[in-house]
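Asks: Fold the following, please.
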Amino acid sequence: MATSEKQSAGDIAASFADIVGLGNVQTLDLAEPHLKTQIANSTMGVENLAIVSPKTQTELASAIALANQQQWGVLPYGNASKLTWGGLVRGANVAISTAGCDRLIEHCVGDLTVTVEAGMKFADLQKILAQEGQYCAIDPAYPNAATIGGIVATANTGSLRQRYGGLRDMCLGISFVRSDGELVKAGGRVVKNVAGYDLMKLLTGAYGTLGVISQLTFRLYPLPEAKQTVLLTGKADAIAELRNKILSSTLTPTVLDLLSSSLLKELGFGQDTGKEIGLVARFETLKVSVIEQSDRLVELGKSLHLKAEVLSEAENFWQRLEDLVWQPSPQSSLAGNSKLIVKLGVLPSKVVNILVELEAIARTLSESIPQPYVQIHGAGGLGTLRFDLAGGFDPQDLLLKIRHLANDTGGFLTILEAPPALKQNLDVWGYTGNAIGIMQRIKQQFDPHHLLSPHRLFI
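Replies: Now for the predicted structure:
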């Protein structure tokens with residue numbers, strides 16, 4: 001990138017003014033504090049860079065084309081809510097935001113589909129869809145801040161995948177800008193495709209390394225008539241048996257999650273012994289069916305000597321659970337500590353055993369460290385684990401032990417959010433098998449000069 005080495009961040013920013021307007025370019029040192037922090041925690045060796053905010057897909061494509069022409073490394077992002085996830089970007093000269101590309105393109109109410117630009121916030125989309133009695137059946141982290149494009153780029157689905165599948169199942173069409181600035185469309189109303197690749201699946205979870213998502217089409221569902229949440233707590237072996245019975249029954253929960261004893265304690269449920277775990281199920285359908293299924297689950301739980309209750313303040317429960325898993329505690333914020341969030345994948349048949357072993361591993365390393373908050377999807381085996389890095393606690397040994405545990409059961413551990421120093425010392429992704437070789441070949445096809453999110457997925 002010889003060209004970029006001769007130009008300051010200010011000069012690079014000025015180069016984009018003719019494309020997006022002078023008011024939509026700036027340098028990192030003049031950015032608002034939150035964005036400066038997010039970029040600092042997602043990059044390595046970047047002291048300053050240009051920030052470009054296109055307002056249309058055409059401007060976005062032109063901005064990427066200019067970066068390609070000048071061989072400038074690009075850090076794409078939406079609203080920066082998950083910019084710190086995954087590997088550290090190196091060699092970026094310009095950060096390009098899609099947040100200004102936030103239009104509703106088309107809502108086909110009768111066909112249960114919607115097409116939006118990538119910069120639309122997820123919460124705003126849900127409000128629009130609710131007016132027609134519909135919704136997008138995903139529940140990502142930071143729903144009020146996250147953009148649609150960022151959710152897909154990080155493959156951040158949530159607990160609703162129990163019933164509706166992952167983002168790769170929900171996405172019907174995609175438009176994205178290639179590293180050379182060409183706008184490509186696939187799925188839905190196909191204008192241009194690339195033979196041999198399922199682009200919707202390929203760009204989901206690619207973290208902006210293969211292209212910059214500009215527009216998406218999603219499958220929708222009718223808003224349910226009623227909802228009800230059932231929480232069951234007790235010994236791990238009984239919870240494991242209950243999980244198996246649910247999955248082999250005619251019950252159809254939209255959410256089925258396992259919760260660690262530390263989460264239960266913080267939520268105010270279970271006994272303060274560290275020996276109980278929880279299973280939470282949510283039913284969403286016709287009111288009569290919701291009530292009938294909830295009652296059946298309560299009786300099933302009681303037959304296994306579990307404590308079972310239908311939650312009267314379910315919305316508050318789910319909000320508190322989201323805050324505990326994804327947000328830092330007030331104590332950590334005040335103390336200047338950082339949070340550590342990892343994505344965990346294990347064989348579905350092993351979810352309860354893994355949940356118990358995770359907490360046991362943490363206790364054996366030190367009684368003084370905060371116990372992890374763990375939430376695992378009961379049917380799919382994907383989950384989230386969060387630590388607060390309090391009191392100078394070094395989590396490296398713990399993460400290696402947990403990764404070894406996951407790998408031994410055919411799973412994985414990926415570091416989403418962590419201090420940059422930890423990411424520099426520890427493999428963020430933990431690739432196994434021939435994954436890296438395959439991804440490098442795909443990267444070479446889509447971004448031969450490695451300008452998009454350089455080094456984010458592999459060195």
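Asks: who touches Ile436 in this structure?
Replies: Counting by CB atoms under 8 Å, 6 or more residues apart in numbering, Ile436 touches Phe458. Where C-beta positions appear, they are placed from N, C-alpha and C, glycine not excepted.
Asks: Just say helix, strand or coil for it.
Replies: Following DSSP: H, G, I helix; E, B strand; the rest coil, Ile436 is assigned to helix.
Asks: got it, and Lys343?
Replies: Per three-state DSSP, Lys343 ends up strand.
Asks: where's it relative to Thr252, distance?
Replies: 26 Å (CB to CB, to the nearest Å).
Asks: cool, Lys287 as well?
Replies: Taking CB to CB, one finds Lys287 at 15 Å from Thr252.
Asks: Now do the same for Val114: helix, strand or coil?
Replies: Per three-state DSSP, Val114 ends up strand.
Asks: was I right about it contacting Gly173?
Replies: No. Using CB atoms under 8 Å, Val114 makes no contact with Gly173, being 10.4 Å away.
Asks: Would you mind telling me which of the two has the busier surroundings?
Replies: Val114 (26 against 18; other CB atoms under 10 Å).
Asks: which residues pair with that one across the strands?
Replies: His107, Phe218 (DSSP bridges).
Asks: Report pLDDT for it.
Replies: Per-residue pLDDT puts Val114 at 97.
Asks: How about the contacts made by it?
Replies: Leu104, Glu106, His107, Cys108, Leu125, Leu129, Gln134, Cys136, Thr217, Phe218, Leu220 are the contacts of Val114 under CB under 8 Å, 6+ apart.
Asks: now the strands for the stretch 301-450 of the chain?
Replies: Along the stretch 301-450 of the chain, counting by DSSP state E, counting those that start in this stretch, strands occupy 307-310, 339-345, 373-377, 382-388, 412-417.
Asks: For Ser42, which of those strands is the nearest?
Replies: Across those, the minimum distance to Ser42, taken as CB to CB, is reached by strand 412-417, at 9.6 Å.
Asks: In the stretch 201-350 of the chain, what residue spans correspond to helices?
Replies: 236-247, 261-267, 287-303, 314-326, 330-335 (DSSP state H, counting those that start in this stretch).
Asks: which one of these has the most crowded surroundings?
Replies: helix 261-267 (a mean of 20; mean count of other CB atoms under 10 Å).
Asks: the helices in the stretch 1-150 of the chain, which residues?
Replies: Under DSSP H, counting those that start in this stretch, the stretch 1-150 of the chain gives helices at 2-5, 9-15, 17-20, 33-40, 57-70, 122-130, 148-153.
Asks: Against which helices or strands is the fourth one packed?
Replies: Here helix 33-40 is seen to pack against no other helix or strand when contacts are counted using 3 or more CB pairs under 8 Å, 6 or more residues apart in numbering; DSSP states H and E.
Asks: Could you rerun that using 10 Å?
Replies: strand 50-52, strand 74-77, strand 94-97 (3 or more CB pairs under 10 Å, 6 or more residues apart in numbering; DSSP states H and E).
Asks: thinking again about what came up before, who's more crowded, Lys343 and Thr252?
Replies: Between Lys343 and Thr252, counted using other CB under 10 Å, the more crowded position is Lys343 (19 against 15).
Asks: What distance do you get for that one to Ser248?
Replies: Taking CB to CB, one finds Lys343 at 27 Å from Ser248.
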